[in-house]
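In: Kindly generate the corresponding structure for this input.
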Amino acid sequence: MLSERRQKVLRALIEDYIEYALPVGSRTLTERHHLGVSPATVRNDLSALEDAGFIQQPHTSAGRVPTDAGYRTFVDELLLSGLAEEERPHRDMVEELRSSASELDALMERTSAALARLTNCLSVVMAPSVFAGRIHQITLVSLSDWQAIVIVVAEDGQVVNRTITFTEEVSADELAGAQNLLNRVLVGQSARDVRRSLDANTVEALSDPLVQLIIDEVIDCLGESDGNRAHSLGISSLLRQPEFSDAKALLPVMEVLEDDRVLLHTFDETAQEGGPVMVRIGHENPASELAGVSIVACPYGRGEADGIVAVIGPTRMNYASAIRAVRAAQCVLHDE
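Out: Down below sits the predicted model:
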């Protein structure tokens, strides 16, 4: 447990390091901050903080820089201060985005761009899971006796479609009958629920081969859509950060984030952790390639189909700004 004074010294050091990206010494801290103690006392506090693992000295003659543990203490203090619960953070961003885009895809793209601009970090906005969301409507459009398009509208407004090819001729009346049956039985359920029902053979009405074919295509289509849920922007912002001035340093991060399975695993856990915002710092991230970055994320939406909004940046990121921006994005997307 840190004393109040050492918490203040640690906070001042982290704020300076975030601002200037340079190791911070005791004299600098006393000159820039009203700590109320001498440089000698600050030096003693820095030594104690280093021994406790909150800061480290990159070179013998240099000042100190925060460790992941130091950032964690700093972030926990921010969260306890109520920062994540601020009402209507970044009001201008919220109003601007709500008035500029009505469809979810466009809103996610604009929100991602706004996050990257506000935080100078990589932004990621993941759509709610179509697979876990509830079905609002299924429409079948005949292209010929051998082909049709199935259009699925989710309750959150997302739309996916897929072309189906039949092995036998299907008349317009047969297609209309299948559409009516599917809407009667499946509306209000998720694709996940539908698959469980089929696996358990509990939906006798869906045993018709044509209906089964369409359901299989719907489930495949929704699964593929979930693999393309992320809107991300801001790689150029990361490249401007001193930590990634050499593009090679950013390469492992980008490679792991391009793997959809890792991306889903990293962010989908956010909705399960509860609370308004999740902050993972450096080595707290599940993938070792992300040990040099921090992630600030929170869920939006409702129920099992939560989407995720996040920013990814160096562990030296401005956490207060990132948390406010992510909360603002959550406000924008939550009601869609």
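
In: Run a quick neighbour tally on Glu258.
Out: Using other CB atoms under 10 Å, Glu258 is surrounded by 11 other residues. All C-beta spots, glycine's among them, are computed from the backbone N, C-alpha and C.

In: ditto for His34
Out: Using other CB under 10 Å, His34 is surrounded by 7 other residues.

In: Also Ser47?
Out: The number of residues packed near Ser47 is 14, by other CB under 10 Å.

In: Would you mind naming the helix or strand containing it?
Out: Using DSSP states H and E, Ser47 falls within helix 39-51.

In: Tell me the first helix or strand C-terminal of that helix.
Out: Next in sequence after helix 39-51, counting helices and strands by DSSP H and E, comes strand 55-56.

In: That following strand - what's its average pLDDT?
Out: Averaging pLDDT along strand 55-56 gives 96.

In: Equivalent analysis for stretch 138-150, please.
Out: On average, the pLDDT along stretch 138-150 is 92.

In: Buried residues in it, which are they?
Out: Neighbour counts using 16 or more other CB atoms under 10 Å place Ile138, Leu140, Ala148, Val150 of stretch 138-150 among the buried residues.

In: got it, and stretch 307-320?
Out: Buried, per 16+ other CB under 10 Å, within stretch 307-320: 307-319.

In: what do you get for stretch 65-78?
Out: By neighbour count with 16+ other CB under 10 Å, stretch 65-78 contains the buried residues Val65, Pro66, Thr67, Asp68, Ala69, Gly70, Tyr71, Arg72, Thr73, Phe74, Val75, Leu78.

In: tell me the two of these that are most distant?
Out: For these, the maximum inter-member distance is 18.6 Å, found between Val65 and Leu78 (CB to CB).

In: Look at the residue nearest to Gly307 when sequence neighbours are not counted and say how many residues are nearby.
Out: Excluding the flanking residues, the one nearest Gly307 by CB to CB, 6 or more residues apart in numbering is Pro128, at 4.1 Å. Neighbours of Pro128 under the rule other CB under 10 Å: 28.

In: Pro128 against Val309, yeah?
Out: No. Applying CB atoms under 8 Å, one finds Pro128 not in contact with Val309, separated by 11.0 Å.

In: which residues are contacting the helix or strand harbouring Lys248?
Out: Element membership for Lys248 (DSSP H and E) is helix 247-257. Contact with helix 247-257 is made by 122, 124, 232, 235, 238-239, 243-244, 262-263, 287, 289-290, 292-293, 312, as judged by CB atoms under 8 Å, 6 or more residues apart in numbering.

In: where along the stretch 51-200 of the chain do the strands fall?
Out: 55-56, 65-66, 122-126, 135-142, 147-154, 159-165 (DSSP state E, counting those that start in this stretch).

In: Pull up the pairing partners for the first one, direction included.
Out: When you say that, I think you mean strand 55-56. Strand 55-56 has its sheet partners listed here by DSSP bridges as strand 65-66 (antiparallel).

In: Closest to Leu13 out of the buried residues of stretch 65-78?
Out: Nearest to Leu13 out of the buried residues of stretch 65-78 is Pro66 (CB to CB; 6.7 Å).

In: Can you tell me how far the closest one is from Leu49?
Out: Between Pro66 and Leu49 the computed distance is 9 Å (CB to CB, to the nearest Å).

In: No further questions, thank you.
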